[in-house]
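# Mind folding the following:
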Amino acid sequence: MIELGYMAKRIATRPDWLDVPHIRKIVAVANCMSESFCDYTEFWKHNGFWFFDSPVVIRALASEHNVSLSDTSLVYYRGYERQWDAEHGEWKACNNDPDLPTNITPPDSPALLGYDVVTYSFQNAPECSPLSCNGIAAEMEVNEHCLINSLEDAIRQLETGAFDYSEPGPHRIIAMHAVDW
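Predicted coordinates:
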C-alpha cells in the first residue's frame, strides 16, 4: 500500500434505499454521499493524489476560506499500488500527478475502517465509490462503514467482475483509516 493523504469528510448515515441494515455510516472516498469538507480543488492545496499531505494543510485551508470543520471526520488514505482495468481484465500501474507536490506525513496510529473501491476514469481525482453510490454493497459482504473488510476480498471482487457494470473505471482500492484531529 502507498500513502495517499488525508481528507476531512462529512460522514453520511445509510440512506433507506441502500437495503443493508448493518451499514450504519457511509464512509466513502467519493463525495456522492459523504462529502469532503469543501470543494477544495479550486484552491490547489491538494497533493498529487488529490488529497492532503497533513491535517495542518486542511485546517489552514478551512481557516483561510471560513469553512467549518466541526461536523467532519478526519480520514487517512492508503492505496493499492495498482488499478483494475476491467476492459482488459488486468492490473495496471497508477501514479500520482507529478505536477503536484506530494509530501505526506503519515499519522501515528490510524484505525483501519475498511477498503473502498473507487473509480478514476480521468486518472487524477477520485470519482465514484460504487459500493455506496451504485448500491453494490447490497451484493457483497461489507462492514458497518459500507467498506470491504480486507484487501484480498477487494481484489477478488474486482477480478471476478463485481464492479464491472457500476461506473467507468479503472478502479482503485483505497484503505480508509480513522485518525484523530
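
# Tell me how far the most centrally placed residue in the chain lies from S63.
Taking CA atoms, centre = their mean, the centroid of the chain lies closest to V29, which sits 2.4 Å from it. Computed as CB to CB, to the nearest Å, the V29 to S63 distance reads 24 Å. In short, each C-beta sits where N, CA and C put it, glycine included.

# Same question for P55.
In terms of CB to CB, P55 sits 12 Å off from S63.

# before we move on, what about I136?
Taking CB to CB, one finds I136 at 37 Å from S63.

# now swap in Y77 and tell me
For Y77, the distance to S63 - CB to CB - is 22 Å.

# So these two - more neighbours on which side?
A count of neighbours by other CB atoms under 10 Å puts Y77 above the other of Y77 and S63, at 24 against 10.

# and the residue nearest to the more buried one when sequence neighbours are not counted, how many neighbours?
Once flanking residues are discounted, Y77 sits nearest to L4: 4.0 Å by CB to CB, 6 or more residues apart in numbering. By other CB under 10 Å, 24 other residues sit near L4.

# Now the one helix or strand L4 maps to: average pLDDT?
Per DSSP states H and E, L4 falls inside strand 2-10. Here strand 2-10 scores 97 as its mean pLDDT.
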